[in-house]
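Chemist: here is the input, now give the coordinates:
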Amino acid sequence: MDLSDSPDEARFRDRVRGWLTDTLPTLPWPEPARLEAKREFWSVWQRMLFDAGFAGLSWPQEFGGAGADAKTKAIFNEEMDRAGAPDRLNIIGEDFAGPTIVAFGNDEQKQRYLQPILTGDEIWCQLFSEPESGSDLASLRTKATKVDGGWSIQGQKIWTSRAQIADNAILLARTGGGDRHKGISYFLLPMDTPGITVRPLEHMLGEAEFNEVFLDDVFVPDSALVGEVDGGWKVAMGTLAFERVGIATGRVNTTRAVADLVEQIGRSTDDDGAPLAGQPAIRQRIADLYGRALTHYLIGQRVITGAASGQPPGPVTSIGKLYFCPLVEDIADFGLELSDFGGQFGLADAPETGERAVDAGDPDQQRWLRLAYQARGTAIAGGSTYIQRNIAAERVLGMPRGRE
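Modeler: Predicted coordinates for the structure are as follows:
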């Protein structure tokens, strides 16, 4: 791996850094905390990215992207983190649905759906997981029955991020019998279709980012099918590969997070007023996290290098996810300890104001508590820890496949 920037990459980095310096102050800060209020803020931000040529960096140019390789996209993400730029609200659209449509969709689907993703006009969600069919995705039971001109969908999905504000969804449904992997089809579903009911699920932070979605005789036309009937498993594996690359390379910049911990330690004292930075136990813990963060960075660079050379995402993405999740948990938990803010308080309301504790604490407390809960969810998203261990055991170590 070559971790240094090429001359072209260095110029791109300078361009991104300069653009962020000039642009971020023009945003209507502060960014809203609640999901429903974020959409308008985010749409403004996404349009700025699109106009500047930074939306869909890795998408082919013929579909509105920049045709950049994975290293260039990673540089952009690093500079976004460095500048404290807003999070992207449409990750599922830009990183999962869009690349899947590019790879497997027909010309009509590409024409209809790709541009609104890049401009921020349409947000996507992912209707894959179901009750009792999360990590074992092939056991899903939502059924698509063939009717005149299309399909009638009946079933339930759960843990659907941002479904309450989504315009469209990528949907898996069972269309055939026999082998459970061969009887699944992949659909593109407008979320305003009659028969769809979205019920938000409030999580521990008092927010409703996740949802359960009920599909009651929802009609989708034949034109909504991606790929072949009963051939959706191959398409779904493509989508999950895009997702795992994102997780392996880090939705959280761990080296930056550790640097933030160092800064917090530098301005903190213990109960006796002694600086925390001089205490051996603190220094040992931060050194351990820093070393692990560098290792995670190198795993991510390995994924990026492979992708930039045209290699498909492989089992190294599972290794990256296995390494990433406990690291982020430990970073967040240490941040909470430094803030003297036990995670259990995140379940209670602030006694005087009635605010959730995550909204009532100082910025350090809010950040680390949110990250602590996010990290636990990430351990499940994109394939649970057990699934990733199976992939590593079978495809890296060559161990025999267990009985189903």
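Chemist: roughly how far is the helix or strand hosting S185 from the heart of the chain?
Modeler: Per DSSP states H and E: S185 is located in strand 184-190. Between the centre of strand 184-190 and the centre of its host chain there is 20 Å, according to Cα atoms, centre = their mean, to the nearest Å.
Chemist: next one: stretch 114-132
Modeler: Using Cα atoms, centre = their mean, the offset of stretch 114-132 from its chain centre is 12 Å.
Chemist: output it as CSV - backbone C-alpha positions only.
Modeler: What follows is stretch 114-132, C-alpha atoms only, in CSV (Å, rounded to 0.1, in the frame of the first residue of the first chain):
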residue,chain,number,x,y,z
LEU,A,114,-29.9,8.4,-10.1
GLN,A,115,-30.0,12.2,-10.6
PRO,A,116,-32.4,13.0,-7.7
ILE,A,117,-30.1,11.1,-5.4
LEU,A,118,-27.1,13.3,-6.2
THR,A,119,-29.1,16.5,-6.0
GLY,A,120,-30.6,15.7,-2.7
ASP,A,121,-34.2,15.8,-4.0
GLU,A,122,-34.9,12.2,-3.0
ILE,A,123,-33.9,10.2,0.1
TRP,A,124,-33.8,6.4,0.2
CYS,A,125,-34.2,3.7,2.9
GLN,A,126,-33.4,0.0,2.9
LEU,A,127,-36.3,-2.5,3.3
PHE,A,128,-34.2,-5.7,3.9
SER,A,129,-34.4,-6.8,7.6
GLU,A,130,-37.5,-8.3,9.1
PRO,A,131,-38.6,-9.6,12.5
GLU,A,132,-36.6,-12.9,12.9
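Chemist: buried sites along that stretch?
Modeler: Using 16 or more other Cβ atoms under 10 Å as the test for burial, stretch 114-132 gives 114-120, 122-130. From N, CA and C alone the C-beta is placed, and that goes for glycine too.
Chemist: quick one: mean pLDDT for that stretch?
Modeler: What stretch 114-132 shows for mean pLDDT is 95.
Chemist: what do you get for stretch 192-210?
Modeler: 88.
Chemist: so H203, which state does it fall into?
Modeler: Under DSSP: H, G, I helix; E, B strand; the rest coil, H203 falls in the coil class.
Chemist: give me the distance between it and V147.
Modeler: Separation of H203 from V147 (Cβ to Cβ, to the nearest Å) stands at 37 Å.
Chemist: how about L289?
Modeler: From L289 to V147 the distance is 55 Å (Cβ to Cβ).
Chemist: could you do D192 as well?
Modeler: 20 Å.
Chemist: which of these two has more neighbours?
Modeler: Each of D192 and V147 has its neighbours counted (other Cβ atoms under 10 Å); V147 has more, 12 against 9.
Chemist: and the nearest residue to A393 once chain neighbours are set aside, how many neighbours?
Modeler: Ranked by Cβ to Cβ, 6 or more residues apart in numbering and with sequence neighbours excluded, the top spatial neighbour of A393 is M399, at 4.4 Å. Close neighbours of M399, defined as other Cβ under 10 Å, add up to 11.
Chemist: hang on, M399 packs against N390?
Modeler: No - here M399 lies out of contact with N390, judged by Cβ atoms under 8 Å, at a distance of 9.0 Å.
Chemist: so what's the closest residue to M191 other than its chain neighbours up against?
Modeler: Excluding the flanking residues, the one nearest M191 by Cβ to Cβ, 6+ apart is A166, at 5.0 Å. Neighbouring residues of A166 by Cβ atoms under 8 Å, 6 or more residues apart in numbering: 123-125, 191.
Chemist: out of those, which comes closest to I101?
Modeler: The closest of the contacts of A166 to I101 turns out to be W124 (Cβ to Cβ; 10.1 Å).
Chemist: is the residue nearest to the closest one when sequence neighbours are not counted part of a helix or strand, or is it coil?
Modeler: Once flanking residues are discounted, W124 sits nearest to G93: 3.6 Å by Cβ to Cβ, 6+ apart. At G93 the chain is in helix, as set by three-state DSSP.
Chemist: wait, G93 sits on G120?
Modeler: No - look at G93 against G120 with Cβ under 8 Å: they stay out of range, at 9.0 Å.
Chemist: give the buried residues for stretch 381-400.
Modeler: 381-384, 387-388, 390-393.
Chemist: out of those, which one has the lowest pLDDT?
Modeler: G382 (67).
Chemist: the bottom helix or strand of the protein by mean pLDDT?
Modeler: One helix or strand of the chain scores below all others by mean pLDDT, DSSP states H and E: helix 357-360, with a mean of 50.
Chemist: give me the mean pLDDT for the longest helix seen in the chain.
Modeler: If you go by DSSP state H, the chain has its longest helix at helix 280-308. On average, the pLDDT along helix 280-308 is 88.
Chemist: now do stretch 338-349
Modeler: 52.
Chemist: what ranges does the stretch 51-200 of the chain have for its helices?
Modeler: 70-83, 91, 98-104, 107-119 (DSSP state H, counting those that start in this stretch).
Chemist: which of the ones you listed is buried the deepest?
Modeler: The highest mean neighbour count among the helices of the stretch 51-200 of the chain, using mean count of other Cβ atoms under 10 Å, belongs to helix 98-104: a mean of 22.
Chemist: give me the contacts around that helix.
Modeler: Here helix 98-104 has contacts from 56, 58-60, 63, 109-110, 113-114, 117-118, 170, 186, 188, 226-227, 234-235, 238-239, 242, using Cβ under 8 Å, 6+ apart.
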